[in-house]
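Q: My questions are about this predicted structure, shown below with the sequence.
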Amino acid sequence: MPAAWAQAGTQSALRAVRMCVFDPSGTAGDAWRAATDHRLEMQQHGVDLQAQPYTNERVAVEDYRTGRCDALMATALRTRAFNGMAAALDSMGAATVVRGDKVDLNASFEVVRRFVEVLSEPKAAELMSSGEHEVGGILPMGAAYAFSRDRSLNVLGGLQGRKVATLEHDQAQAEWVRRLGGTPVSADSLNFGAMFNNAHVDVLIAPTIAYKPLELQRGLGTQGGVSRFPLTIYTYQLVLRKAAVPAGFAQLSRSYMAQNFDLAIASLRLADRGVPASYWVDVPPASVQPAVGLLREVRKTLVEQGVYDAKGLRLAKRLRCEQAPTAAECASNDPW
């Protein structure tokens with residue numbers, strides 16, 4: 001049998017599943033590349049995740065919600081609606097490890113790694129399933145920092161009189177801004193970069209992978225800076241409609257994505273280095289511990305409001321304390 005015929009026969013035996021993939025850079029971004037690599041790997045397990053690119057995350061999520069696609073790759077800020085446990089890692093400060101008065105970014109990424117590993121184990125499968133949806137994997141998207149048009153601004157110390165672009169679907173960002181005296185300005189993935197670049201807002205919270213595609217150097221100009229304090233560590237999450245994939249497929253998918261953690265982290269470190277050194281600003285040491293406490297209070301408020309998943313946040317705290325057992329929070333009964 002000719003090789004082409006054999007390949008065609010294999011492809012026809014695959015179960016086709018339309019996958020909506022959000023990437024602000026379209027088919028040129030890291031999320032799209034991860035999705036296409038994942039598609040090739042999953043074909044070996046009988047499923048063809050036919051990726052469709054979206055630069056508008058809201059539309060991608062709505063197309064999944066209404067059944068136009070049966071798989072979704074998007075940020076956990078959006079996929080929280082389908083599984084709060086997996087999305088708890090993206091809660092503000094949930095993965096941030098502080099030693100003394102400095103953030104330990106390596107340890108923070110290790111919290112993310114362990115969170116992904118724990119939830120990718122077969123014994124956690126029940127936690128990854130919610131109603132008709134199941135999480136098919138988690139990939140790190142990078143630490144989110146405050147980009148400011150004024151490098152002299154200590155964003156952890158106060159935002160009085162400042163306008164801050166906050167994602168419309170992330171209540172935590174708006175809550176954090178209000179508690180620091182700033183004014184949250186609702187934005188989405190399509191316009192928040194332009195709002196910053198065109199001086200409609202003073203501060204933007206974004207991962208460094210957004211720096212080049214959104215041309216954030218235009219907003220930073222010669223006076224701006226990026227605060228070296230990760231407010232959260234974002235992830236991309238794959239959500240599957242259980243009825244659309246074979247039994248056990250989501251577990252295979254989770255395991256494969258967990259194995260690619262180091263590759264994703266390498267890309268994120270490149271993105272960090274892509275921001276010129278002259279823009280990075282170290283926050284005053286005296287502001288670090290109060291900032292950690294404020295982020296904890298924000299998490300507590302959103303748990304009480306039913307936005308954040310309590311079980312997921314308890315896991316995140318346990319993993320933070322594995323990395324920094326002498327941290328003050330580890331002697332506290334506060335679970336968040």
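A: Cool, got the structure. Keep in mind that what you see is a predicted model, and the values were worked out from it rather than measured.
Q: Mind giving me the packing neighbours of the top helix by length along the chain?
A: Scanning the chain for the helix with the most residues, using DSSP state H, yields helix 285-304. Applying 3 or more CB pairs under 8 Å, 6 or more residues apart in numbering; DSSP states H and E, we find helix 285-304 packed against strand 98-99, strand 102-103, helix 171-179, helix 310-323. Bear in mind the C-beta positions are built from the backbone N, C-alpha and C, glycine included.
Q: Just give me how far it sits from the chain centre.
A: The chain centroid and the centroid of helix 285-304 are separated by 19 Å, computed with CA atoms, centre = their mean, to the nearest Å.
Q: Buried residues, it. List them.
A: 287-288, 291-292, 294-303 (16 or more other CB atoms under 10 Å).
Q: picking up where we left off before, relative to residue 86, tell me which of the helices and strands packed on helix 285-304 wins on proximity.
A: Among these, helix 310-323 comes nearest to residue 86, with 7.2 Å by CB to CB.
Q: what's the offset of the closest one from the middle of its chain?
A: Worked out by CA atoms, centre = their mean, helix 310-323 lies 17 Å from the chain centre.
Q: now for it, which elements pack on it?
A: helix 84-87, helix 105-120, helix 285-304.
Q: Go through those helices and name the closest to residue 29.
A: Evaluated over the helices and strands packed on helix 310-323, closeness to residue 29 peaks at helix 105-120, with 19.6 Å, by CB to CB.
Q: Run through who's touching the next helix or strand after the closest one.
A: Proceeding N to C from helix 105-120, the next assigned helix or strand is strand 129-130, under DSSP states H and E. Here strand 129-130 makes contact (CB atoms under 8 Å, 6 or more residues apart in numbering) with 82, 83, 84, 85, 135, 242, 250.
Q: Take the helices and strands packed on helix 285-304 and lay them out in TSV including mean pLDDT.
A: Formatted as TSV, the helices and strands packed on helix 285-304 follow (pLDDT from 0 to 100):
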stretch	mean pLDDT
strand 98-99	92
strand 102-103	91
helix 171-179	94
helix 310-323	96
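Q: Next, format the ones you listed as TSV and append mean neighbour count and distance to residue 187.
A: Output for the helices and strands packed on helix 285-304, formatted as TSV (neighbours: other CB atoms under 10 Å; distance: least, CB to CB, whole Å):
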stretch	mean neighbour count	distance to residue 187
strand 98-99	17	28
strand 102-103	17	25
helix 171-179	21	10
helix 310-323	19	25
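Q: Below-threshold pLDDT in this protein: ranges please.
A: Across the chain, the ranges flagged by pLDDT under 70 are 1-12.
Q: all helices for it, in order.
A: Using DSSP H, helices in the chain cover 3-13, 30-43, 57-65, 76-79, 84-87, 105-120, 171-179, 192-197, 217-220, 249-259, 261-273, 285-304, 310-323.
Q: can you list these in CSV and add distance to residue 229?
A: Formatted as CSV, these follow (distance: least, CB to CB, whole Å):
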stretch, distance to residue 229
helix 3-13, 48
helix 30-43, 23
helix 57-65, 25
helix 76-79, 19
helix 84-87, 22
helix 105-120, 10
helix 171-179, 12
helix 192-197, 18
helix 217-220, 17
helix 249-259, 27
helix 261-273, 13
helix 285-304, 7
helix 310-323, 15
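Q: Looking at those helices, which is nearest to residue 155?
A: helix 285-304 (8.8 Å).
Q: about what we covered before: could the helices and strands packed on helix 285-304 be laid out in TSV, adding distance to residue 31?
A: Output for those, formatted as TSV (distance: least, CB to CB, whole Å):
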stretch	distance to residue 31
strand 98-99	29
strand 102-103	25
helix 171-179	20
helix 310-323	22
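Q: closest to residue 15 out of the ones you listed?
A: helix 310-323 (30.2 Å).
Q: With residue 332 as the reference, name the closest of the helices and strands packed on helix 285-304.
A: Here helix 310-323 is closest among those (CB to CB), at 9.3 Å.
Q: and the angle from the closest one to helix 285-304?
A: Going by axes from the mean of the first three to the mean of the last three CA atoms, to 10 degrees, helix 310-323 is angled at 150 degrees with respect to helix 285-304.
Q: chain center to the lengthiest strand in the chain, what's the gap?
A: Counting residues, the longest strand found in the chain (DSSP state E) is strand 133-148. Here strand 133-148 is found 1 Å from its chain centre; the criterion is CA atoms, centre = their mean.
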